[in-house]
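Visitor: predicted model follows, preceded by the sequence.
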Amino acid sequence: MSMISGVTRGGEEYIPAFVMEIEQANCIGCGRCFKVCPRDVFDLVDREDVEGLEADEYDDDDYYDDDDDGFSDDTAMVMSLKNALDCIGCGACARICPKKCFTHEPQPAVA
(Lines give C-alpha, C1' and ligand atoms only; values in the text may rest on other atoms or scores of the structure.)
Protein backbone atom coordinates (compact mmCIF):
# COMPACT_ATOMS: atom_id res chain seq x y z
CA MET A 1 0.00 0.00 0.00
CA SER A 2 1.41 3.41 -0.92
CA MET A 3 1.83 6.14 1.64
CA ILE A 4 0.33 9.61 1.41
CA SER A 5 2.88 11.76 -0.38
CA GLY A 6 3.25 15.30 -1.58
CA VAL A 7 5.40 17.32 -3.93
CA THR A 8 7.34 20.45 -3.00
CA ARG A 9 7.29 23.54 -5.19
CA GLY A 10 10.68 22.40 -6.43
CA GLY A 11 9.22 19.08 -7.60
CA GLU A 12 10.71 16.91 -4.85
CA GLU A 13 8.46 14.19 -3.46
CA TYR A 14 8.08 13.95 0.31
CA ILE A 15 6.13 11.67 2.64
CA PRO A 16 4.52 13.53 5.55
CA ALA A 17 4.49 11.94 8.99
CA PHE A 18 1.23 12.55 10.84
CA VAL A 19 0.84 12.94 14.61
CA MET A 20 -0.24 9.63 16.11
CA GLU A 21 0.26 10.05 19.83
CA ILE A 22 1.23 12.48 22.57
CA GLU A 23 3.17 11.17 25.54
CA GLN A 24 1.03 13.03 28.06
CA ALA A 25 3.09 11.89 31.04
CA ASN A 26 5.97 13.99 29.65
CA CYS A 27 3.84 16.95 28.51
CA ILE A 28 4.32 20.14 30.53
CA GLY A 29 1.28 21.89 29.01
CA CYS A 30 3.30 24.78 27.62
CA GLY A 31 0.99 25.14 24.60
CA ARG A 32 3.77 25.64 22.05
CA CYS A 33 2.44 22.88 19.80
CA PHE A 34 -1.07 24.34 20.04
CA LYS A 35 0.20 27.75 18.95
CA VAL A 36 2.32 26.49 16.04
CA CYS A 37 -0.22 24.02 14.62
CA PRO A 38 -1.82 25.36 11.42
CA ARG A 39 -4.85 23.09 11.94
CA ASP A 40 -7.27 22.38 14.82
CA VAL A 41 -5.45 19.23 16.00
CA PHE A 42 -4.72 19.89 19.70
CA ASP A 43 -6.53 20.89 22.86
CA LEU A 44 -5.28 21.65 26.37
CA VAL A 45 -7.09 19.62 29.03
CA ASP A 46 -6.76 19.37 32.79
CA ARG A 47 -4.04 16.90 33.72
CA GLU A 48 -6.32 15.31 36.32
CA ASP A 49 -8.95 14.59 33.62
CA VAL A 50 -6.59 12.36 31.61
CA GLU A 51 -7.43 8.77 32.39
CA GLY A 52 -4.43 6.72 33.48
CA LEU A 53 -2.21 9.74 34.06
CA GLU A 54 -1.18 9.53 37.68
CA ALA A 55 0.54 12.38 39.48
CA ASP A 56 3.62 10.24 40.15
CA GLU A 57 4.20 9.72 36.42
CA TYR A 58 5.94 13.06 36.11
CA ASP A 59 8.88 14.50 37.98
CA ASP A 60 7.71 16.57 40.96
CA ASP A 61 10.92 18.62 40.80
CA ASP A 62 9.67 20.17 37.54
CA TYR A 63 6.48 21.40 39.19
CA TYR A 64 5.98 23.70 42.15
CA ASP A 65 3.19 25.30 44.15
CA ASP A 66 4.30 28.63 45.57
CA ASP A 67 0.87 29.89 46.63
CA ASP A 68 -0.17 26.73 48.52
CA ASP A 69 -3.40 26.26 46.58
CA GLY A 70 -2.65 22.57 45.97
CA PHE A 71 -2.11 23.05 42.25
CA SER A 72 1.13 23.25 40.32
CA ASP A 73 1.90 26.80 39.25
CA ASP A 74 3.95 25.44 36.36
CA THR A 75 1.08 23.56 34.76
CA ALA A 76 -2.14 21.84 35.59
CA MET A 77 -2.81 21.24 31.89
CA VAL A 78 -1.66 18.69 29.37
CA MET A 79 -2.03 18.60 25.59
CA SER A 80 -4.38 16.11 23.97
CA LEU A 81 -5.31 15.18 20.42
CA LYS A 82 -8.54 16.97 19.63
CA ASN A 83 -8.76 15.97 15.98
CA ALA A 84 -5.79 13.94 14.73
CA LEU A 85 -7.43 13.55 11.32
CA ASP A 86 -6.90 17.29 10.68
CA CYS A 87 -3.10 16.82 10.94
CA ILE A 88 -1.33 17.70 7.67
CA GLY A 89 1.95 16.05 8.67
CA CYS A 90 4.05 19.21 8.81
CA GLY A 91 5.82 18.13 12.04
CA ALA A 92 5.92 21.66 13.50
CA CYS A 93 4.55 20.38 16.82
CA ALA A 94 7.38 17.88 17.24
CA ARG A 95 10.04 20.45 16.35
CA ILE A 96 8.77 22.98 18.91
CA CYS A 97 8.09 20.53 21.78
CA PRO A 98 10.71 20.91 24.54
CA LYS A 99 9.88 17.46 26.00
CA LYS A 100 9.73 15.48 22.73
CA CYS A 101 6.21 14.21 23.46
CA PHE A 102 5.07 13.46 19.90
CA THR A 103 5.02 10.30 17.82
CA HIS A 104 4.56 10.74 14.06
CA GLU A 105 4.14 8.14 11.30
CA PRO A 106 3.47 8.16 7.57
CA GLN A 107 -0.03 6.94 6.73
CA PRO A 108 -1.35 4.91 3.82
CA ALA A 109 -3.22 6.68 1.05
CA VAL A 110 -6.95 6.02 1.05
CA ALA A 111 -8.52 5.42 -2.32
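Guide: That came in fine, so what should we check first? Residues are numbered from 1 along each chain as shown.

Visitor: all contacts plus neighbour counts: C-alpha atoms, from now on.
Guide: Will do.

Visitor: my guess is Glu21 meets Ala94, correct?
Guide: No - distance between Glu21 and Ala94: 10.9 Å, which falls outside the contact criterion (C-alpha atoms under 8 Å).

Visitor: more neighbours: which of those two?
Guide: Comparing Glu21 with Ala94 by neighbour count (other C-alpha atoms under 10 Å), the higher total belongs to Ala94, at 18 against 14.

Visitor: phi first, then psi, for the more buried one.
Guide: Main-chain torsions, Ala94, degrees, to the nearest 10: phi -70, psi -40.

Visitor: pLDDT wise, what is it at?
Guide: In the predicted model, Ala94 carries a pLDDT score of 97.

Visitor: measure it to Val41 for me?
Guide: Remark: distance between Ala94 and Val41 (C-alpha to C-alpha, to the nearest Å) = 13 Å.

Visitor: next one: Val50
Guide: To Val41, Val50 is 17 Å away according to C-alpha to C-alpha.

Visitor: would you map the helices across this structure?
Guide: Using DSSP state H, the helices of the chain run over 32-36, 92-96.

Visitor: of all those, which one comes closest to His104?
Guide: Between His104 and those, the tightest spacing by C-alpha to C-alpha is seen for helix 92-96, at 8.3 Å.
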